[in-house]
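>>> What follows is a predicted protein model with its sequence.
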Amino acid sequence: MPWDPDLYLRFADHRTRPGIELLARVPDREPRTIVDLGCGTGDLTSLLASRWPDADVAGIDSSTEMITHARREYPDMAWSVADIAFWEPSGSVDLIFSNAALHWLDDHEALFTRLRGLVAPGGVVAVQMPDNWAAPTHRIAAEILDAGDWPDGAQDALLRDRLSPPPDYARWLQPAEVDVWRTTYYQRLTGEDPVWNWVTGSVLRPVLAALDEDQRERFSGLCRERYREAYPRECDGTTVLPFSRLFMVARL
Ligand SMILES: C[S@@+](CC[C@H](N)C(=O)[O-])C[C@H]1O[C@@H](n2cnc3c(N)ncnc32)[C@H](O)[C@@H]1O
């Protein structure tokens, strides 16, 4: 299912902020090789390259659309289309950075244990993942899909919670010194049906792709109505979308 870089960037400030805050927690250890897993449009990858101008920085993403966008915006950087699940670096890496991508992959025990093993001694693994699986955005979409007459693929396409309890990550990343924290952002969104617009740029993308045009219209109407109730508009015209995220920085 293709990503739409322009739709994703409609909320660029809110989507980039956690990545910038994650980057700020990465210790200054002069990494020589850096990989941004699930780099998307490449904006954060370019910040990694600005902070460590002498490092080899690579962006990896499974979406051709995202990598095409990144290559156009930052033609001098190294971009590859690859699935993180099968990605193997050519040598050890000093910094693995991943913002808002690893929640799309399952079996986190195997994934995080493998990532830790790819990092050189003295290196860092820095990860942020959305941790809002019980929020109305997800619950409402799941209830509508579970109750309605939708094609089988649509229910399967809804991304469900793949995160483990935070102490698991600290254990899987041993012997690193691991800092794990969770932050809730109270995001003020503007415009008509902003919560719907937010989720169609990310978590509901695969669901919409599994529906035909009529089904999409029906699903959209049902979701929008329930989202308006769950996330009422404030008197200043904005809509607050609380969004929790799990962060971790492991120093090997
Ligand atoms: C929400 S975007 C985040 C993009 C970027 N890291 C950022 O913070 O702006 C998630 C990205 O992860 C990528 N992604 C999801 N699953 C992936 C996988 N298995 N392998 C590689 N990339 C993946 C998607 O293509 C998408 O570009």
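Structure received. Note that the coordinates shown come from a computational prediction; the quantities given were computed from them, not determined experimentally.

>>> Quick one: name the residues of the stretch 101-250 of the chain near the ligand.
101, 104-105, 202 (C-beta under 6 Å from any ligand atom). For the C-beta atoms, the positions are set from N, CA and C on the backbone; glycine is no exception.

>>> Show me which pair in the residues you listed is furthest apart.
Farthest-apart pair in those is Leu105 and Ser202; separation 15.0 Å (C-beta to C-beta).

>>> Report the closest residue of the stretch 1-150 of the chain relative to the ligand.
Gly40 (2.5 Å; C-beta to the nearest ligand atom).

>>> residue of the stretch 151-252 of the chain with the smallest distance to the ligand?
Counting by C-beta to the nearest ligand atom, the stretch 151-252 of the chain gets nearest the ligand through Ser202, at 5.3 Å.

>>> Just put the residues of the stretch 101-250 of the chain next to the ligand in TSV and tack on secondary structure.
Putting those into TSV (DSSP: H, G, I helix; E, B strand; the rest coil) gives the following:
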residue	secondary structure
Ala101	coil
Trp104	helix
Leu105	coil
Ser202	coil
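
>>> out of these, who has the most neighbours?
Comparing these by number of neighbours (other C-beta atoms under 10 Å), Ala101 comes first, having 21 neighbours.

>>> Look up the closest residue to that one, ignoring the ones flanking it.
Gly38 (2.2 Å; C-beta to C-beta, 6 or more residues apart in numbering).

>>> got it, and Gly40?
Counting by C-beta to C-beta, 6+ apart, the residue nearest Gly40 is Met66, at 4.9 Å.

>>> okay but the one you found is in contact with Cys39, surely?
Yes - between Met66 and Cys39 there is a contact at 7.3 Å, judged by C-beta atoms under 8 Å.

>>> for Leu246, phi and psi?
Leu246 adopts backbone torsions of phi -100, psi 130, taken as degrees, to the nearest 10.

>>> pretty sure it contacts Asp131?
Yes - assessed by C-beta under 8 Å, Leu246 is found in contact with Asp131 at 4.1 Å.

>>> Between the two, which is the more surrounded one?
Leu246 (22 against 19).

>>> Which pLDDT value belongs to the nearest residue to Gln155 once chain neighbours are set aside?
Leaving out its chain neighbours, the residue that sits closest to Gln155 by C-beta to C-beta, 6+ apart is Leu145, at 4.9 Å. pLDDT recorded at Leu145 is 95.

>>> so Leu145 sits right up against Gly153, yeah?
No - the pair Leu145 / Gly153 is not scored as a contact, 10.7 Å apart, by C-beta under 8 Å.

>>> Low-confidence stretches in the protein?
The model of the chain has pLDDT under 70 over residues 1-3, 5, 7-9.
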